[in-house]
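# this is a predicted model, with the sequence first.
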Amino acid sequence: MSDEKPLKSAFELAMEKLRDRDRRDGDAGVGALTPRQKKRIAELRQAAQAKLAEIEILHRGRLAGAQGQPEELAKIEERYGIDRRRVESKLESDIARIKRGEAPGDDD
């Protein structure tokens, strides 16, 4: 059983497929980024960090309010994971758009 690998999440599988497609299409290495692209990527990462911190604070508050309620705690944990993955996924897709020379979406 030690040869078994842990199951991958849907996000990990999707990212793996995108990397494979990029390698196949010859788009694995995007050229050097412009200073403007680097600045925009840094801004996006900073905004994502702030959003993740906000989600963390709200999560802790919800956990404190649901002590002793296992079903509620499970729902809170699930929602927390979904919210984190949503922010991280949006960040990655926005960065990919910038690297391709497109404007990232502002749909929060």
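Perfect, thanks for sending it.
# looking only at pLDDT, what's the mean for the helix or strand hosting residue 89?
Per DSSP states H and E, residue 89 falls inside helix 70-99. Helix 70-99 shows an average pLDDT of 95 in the prediction.
# hmm, residue 73 is touching residue 64, no?
No - judged on CB atoms under 8 Å, residue 73 makes no contact with residue 64 at a distance of 10.7 Å. C-beta coordinates here come from the backbone N, C-alpha and C atoms, glycine included.
# between the two, which is the more surrounded one?
residue 73 (14 against 8; other CB atoms under 10 Å).
# in the protein, which residue is closest to the centre?
Computing the C-alpha centroid of the chain and ranking residues by CA atoms, centre = their mean puts residue 88 first, at 1.5 Å.
# next one: that one from residue 70, what distance?
27 Å (CB to CB, to the nearest Å).
# any idea which helix or strand comes after the strand or helix carrying residue 18?
With elements taken from DSSP H and E, the one containing residue 18 is helix 10-25. Counting by DSSP H and E, the next helix or strand C-terminal to helix 10-25 is helix 35-65.
# mind listing what's buried in that following helix?
40, 41, 44, 48, 51, 55, 59, 62 (16 or more other CB atoms under 10 Å).
# cool, and stretch 89-107?
Of the residues in stretch 89-107, those buried by neighbour count under the rule 16+ other CB under 10 Å are 90, 91, 92, 94, 95, 98, 104.
# can you list the residues you listed in a markdown table and add distance to residue 15?
Shown next, in a markdown table, are these (distance: CB to CB, whole Å):
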| residue | distance to residue 15 |
| --- | --- |
| 90 | 14 |
| 91 | 12 |
| 92 | 8 |
| 94 | 14 |
| 95 | 12 |
| 98 | 17 |
| 104 | 17 |
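# biggest separation within the residues you listed, which pair?
Using CB to CB, these reach their maximum pairwise distance at 90 and 98, which is 12.6 Å.
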